[in-house]
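Colleague: got a predicted model here, sequence first, then my questions.
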Amino acid sequence: MMIPACRLADLPRGEAHRLDTDPPVSVFHTDDGELFAIDDTCTHQDASLADGWLEGCEVECPLHASKFDLRTGAVDSPPAKLPVRTHEVVVEDGVIHVRLSADAPNLPPCVAARLAGGSA
């Protein structure tokens, strides 16, 4: 499924835009002008990666400083152990679209329970 995120002109370099999907996804616009989309929730604990720090092609979680590679979703720094899911980004007519991955997300247990209808 492909969903519109925002206009490219509305997402400055070095910033992120969070989509309220389930689970949330964020689009990152690097200082070099590249666009990446990953699941917004840190795989270690419930924290928004869009609220983290973007440096090059990495985002650092604001909660415990885990780092994720935006290109692959791989963990570059603990305490997170599992990668985040990546999504394809397409720009059409100045609008950023995200093609959601069909892979299962890696979510921390409290978030996975909430999405499954349980209590966190």
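Modeller: Great, that's in hand. Worth saying up front: this structure is predicted, and the values here are computed from it rather than measured.
Colleague: all contacts plus neighbour counts: C-alpha atoms, from now on.
Modeller: Noted.
Colleague: worst-scoring helix or strand of the protein, pLDDT-wise?
Modeller: Least confident helix or strand of the chain, by mean pLDDT, DSSP states H and E, is helix 109-115 with a mean of 75.
Colleague: quick one: buried residues of it?
Modeller: 111-112 (16 or more other C-alpha atoms under 10 Å).
Colleague: quick thing: my sequence starts at 57, can you match it?
Modeller: Sure thing, new numbering starts at 57, so read that last one as helix 165-171.
Colleague: helices and strands around it, which ones?
Modeller: Contact partners of helix 165-171 among helices and strands, from 3 or more C-alpha pairs under 8 Å, 6 or more residues apart in numbering; DSSP states H and E: none.
Colleague: C-alpha coordinates for it, PDB please?
Modeller: Taking Å, rounded to 0.1, in the frame of the first residue of the first chain, the C-alpha atoms of helix 165-171 are listed here in PDB:
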ATOM      1  CA  PRO A 165       6.500  -5.900  23.800                       C
ATOM      2  CA  CYS A 166       4.500  -3.100  25.300                       C
ATOM      3  CA  VAL A 167       3.600  -1.700  21.900                       C
ATOM      4  CA  ALA A 168       3.000  -5.100  20.300                       C
ATOM      5  CA  ALA A 169       0.500  -6.000  23.200                       C
ATOM      6  CA  ARG A 170      -1.300  -2.600  22.700                       C
ATOM      7  CA  LEU A 171      -1.700  -3.200  18.900                       C
END
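Colleague: just give the nearest non-adjacent residue to the residue at minimal distance from the centre of the chain, would you?
Modeller: Centroid check for the chain by C-alpha atoms, centre = their mean gives I94 as the closest residue, at 3.0 Å. Distance criterion C-alpha to C-alpha, 6 or more residues apart in numbering; nearest residue to I94, sequence neighbours excluded, is T142 at 4.3 Å.
Colleague: ok, the residue nearest to the centre of the chain to V81 distance?
Modeller: The gap separating I94 from V81 is 6 Å, by C-alpha to C-alpha, to the nearest Å.
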